[in-house]
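K.L.:
Provided below are the primary sequence and the corresponding predicted coordinates.
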Amino acid sequence: MKTLFFLLCPALPASGFARAVGDANDPVLSSYFVVPKDQSTMRSIAKVFEVEHRRANGYEIIVPAHRAQELLALAPEAHLIEFDINAKYDRLNGKWLAGYHDFTTVESELRQIASAHPDLATFDVYGKSKEGRPLFVLKLAGNAKQNQPEVMLTSATHGDELIGVEVLFGILNGLVSGYGKDTRVTDIVNHHTIYFIPVINPDGYIRKQRYANGVDPNREYPWPETPDRNPNECIKAVMDFFAQHDIKGSIDYHASGGMIMFPWAYTEDSVASVDAKAFEEVTRRMAATNGYQHGQIPALLYTAPGSSADYYYWKKASLSLGLEIGDSKIPSASQIGKYVKENLEAAYLFIESLK
Ligand SMILES: [Zn+2]
């Protein structure tokens, strides 16, 4: 079988051979294209693997290379698109990318913002990853008054989606630098408490690895059909953080695809109609600013159990979105400003919608 696999994949990159299939903490992730023979096959695939993109007549599926046989057992006609989806990002040489925050500069910039604006911003650590890395949060609140709607903006749930961290810092810096100068920004910050969590999954982020300790973190949250789970440490920590705050809405930034998405993800059923209306309205307005697609997650991708948006909506009926930025997980640094710009107005509209 192995021979056949390699025969079928003459374009396997040299780095793919060098890394073999990776290790438990840092598995090589492959992408496959599947045209499912029926919907029940596709449902079985989506239960186990992540549907990354929807194409005209099929789906792009992310599969750890060492588990490729599981996919091929479900869909023998699946064909390999890329053996190592992150090989092009030069993950092995240990260097970070110019223009991007590494884990150290994420912390130092959050601390610097908090110390430069003590009246607005508070730096905190809300837990630890499985490998012991601190989980950072910056609280932004222009008004000490109680009961401002609380908002949570998160990124790098998938540790290889570096552009999310830059967009999050772009929004944070837009609000901090505009406060007291721009009336709209000042109002947003005075009327909300906004929590920025740039790196949900630091063990993945430091490796530019999508997974956290070998598991897909955006499949780790409990959902209504599977309420009893024991999620990875970084997910458990943000669930506890969420439980301790009165979060009215959240955006979990991912990349890529240009999509603004709302629950449910685990089923094609709609959320309660009043909530469906609110989700539709806010995502439509956001999408009008940047041309992204918007809609319920299965309508844009496929059913996906265990995602953050489902969990946050399920627990508190909060306005919880998953947003896929642009068209690349790690665009060239010169493009970062463009991705921040195309997401800034949408983020402002989202926060303003929470009263
Ligand atoms: Zn993602």
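P.N.:
Received it, and whenever you're ready, just let me know what you need. Numbering: from 1, shown residues only.

K.L.:
ok now do the residue nearest in space to the middle of the chain, which residues does it touch?
P.N.:
Nearest to the mean C-alpha position of the chain, by C-alpha atoms, centre = their mean, lies His254 at 3.3 Å. For His254, the contact set (C-beta atoms under 8 Å, 6 or more residues apart in numbering) comprises Ser155, Thr157, His158, Glu161, Gly164, Asn218, Gly322, Leu323, Glu324, Ile325. (Glycine included, C-beta is placed from N, CA and C.)

K.L.:
Would you map the strands across the chain?
P.N.:
With DSSP state E as the criterion, the chain has strands at 29-34, 50-54, 59-64, 79-82, 121-128, 134-141, 150-155, 193-197, 247-255, 259-262, 293-296, 319-325.

K.L.:
Would you state the helices of the stretch 101-250 of the chain in chain order?
P.N.:
For the stretch 101-250 of the chain, the helices defined by DSSP state H, counting those that start in this stretch cover 103-116, 162-178, 183-190, 202-205, 233-243.

K.L.:
Show me what the second one is packed against.
P.N.:
Pointing back at helix 162-178 there. Under the contact criterion of 3 or more C-beta pairs under 8 Å, 6 or more residues apart in numbering; DSSP states H and E, helix 162-178 touches helix 103-116, strand 134-141, strand 150-155, helix 183-190, strand 193-197, strand 247-255, strand 319-325, helix 336-352.

K.L.:
okay, those in JSON lines with mean pLDDT and distance to the ion next?
P.N.:
Listed next are those as JSON lines, based on pLDDT from 0 to 100; distance: least, C-beta to the ion, whole Å:
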{"stretch": "helix 103-116", "mean pLDDT": "98", "distance to the ion": "17"}
{"stretch": "strand 134-141", "mean pLDDT": "98", "distance to the ion": "18"}
{"stretch": "strand 150-155", "mean pLDDT": "98", "distance to the ion": "9"}
{"stretch": "helix 183-190", "mean pLDDT": "97", "distance to the ion": "26"}
{"stretch": "strand 193-197", "mean pLDDT": "98", "distance to the ion": "14"}
{"stretch": "strand 247-255", "mean pLDDT": "98", "distance to the ion": "3"}
{"stretch": "strand 319-325", "mean pLDDT": "98", "distance to the ion": "7"}
{"stretch": "helix 336-352", "mean pLDDT": "98", "distance to the ion": "15"}
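
K.L.:
JSON lines for these, including distance to Gly204?
P.N.:
Shown next, in JSON lines, are the helices and strands packed on helix 162-178 (distance: least, C-beta to C-beta, whole Å):
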{"stretch": "helix 103-116", "distance to Gly204": "11"}
{"stretch": "strand 134-141", "distance to Gly204": "13"}
{"stretch": "strand 150-155", "distance to Gly204": "12"}
{"stretch": "helix 183-190", "distance to Gly204": "30"}
{"stretch": "strand 193-197", "distance to Gly204": "14"}
{"stretch": "strand 247-255", "distance to Gly204": "13"}
{"stretch": "strand 319-325", "distance to Gly204": "17"}
{"stretch": "helix 336-352", "distance to Gly204": "20"}
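
K.L.:
Gly174 is nearest to which of the ones you listed?
P.N.:
Between Gly174 and the helices and strands packed on helix 162-178, the tightest spacing by C-beta to C-beta is seen for helix 336-352, at 5.6 Å.

K.L.:
Now do the buried residues in that closest one.
P.N.:
By neighbour count on 16 or more other C-beta atoms under 10 Å, the buried set for helix 336-352 is Ile336, Tyr339, Val340, Glu342, Asn343, Leu344, Ala346, Ala347, Tyr348, Leu349, Phe350, Ile351.

K.L.:
residues in contact with the closest residue to the fourth one other than its chain neighbours?
P.N.:
It stands for Glu342. Leaving aside its sequence neighbours, Glu342 sits nearest to Asn290 (C-beta to C-beta, 6 or more residues apart in numbering; 4.3 Å). By C-beta under 8 Å, 6+ apart, the contact list for Asn290 reads Gly258, Glu342, Asn343, Glu345, Ala346.

K.L.:
returning to what we had before: could you dump the contacts of His254 into TSV and include neighbour count?
P.N.:
Converted to TSV, those look like this (neighbours: other C-beta atoms under 10 Å):
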residue	neighbour count
Ser155	29
Thr157	29
His158	27
Glu161	25
Gly164	30
Asn218	26
Gly322	26
Leu323	29
Glu324	23
Ile325	27
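
K.L.:
Asp240 contacts Gly127, doesn't it?
P.N.:
Yes. When contacts are counted by C-beta atoms under 8 Å, Asp240 is listed as touching Gly127 (6.9 Å).

K.L.:
Compare neighbour counts for the two and give me the winner.
P.N.:
Gly127 (17 against 11; other C-beta atoms under 10 Å).
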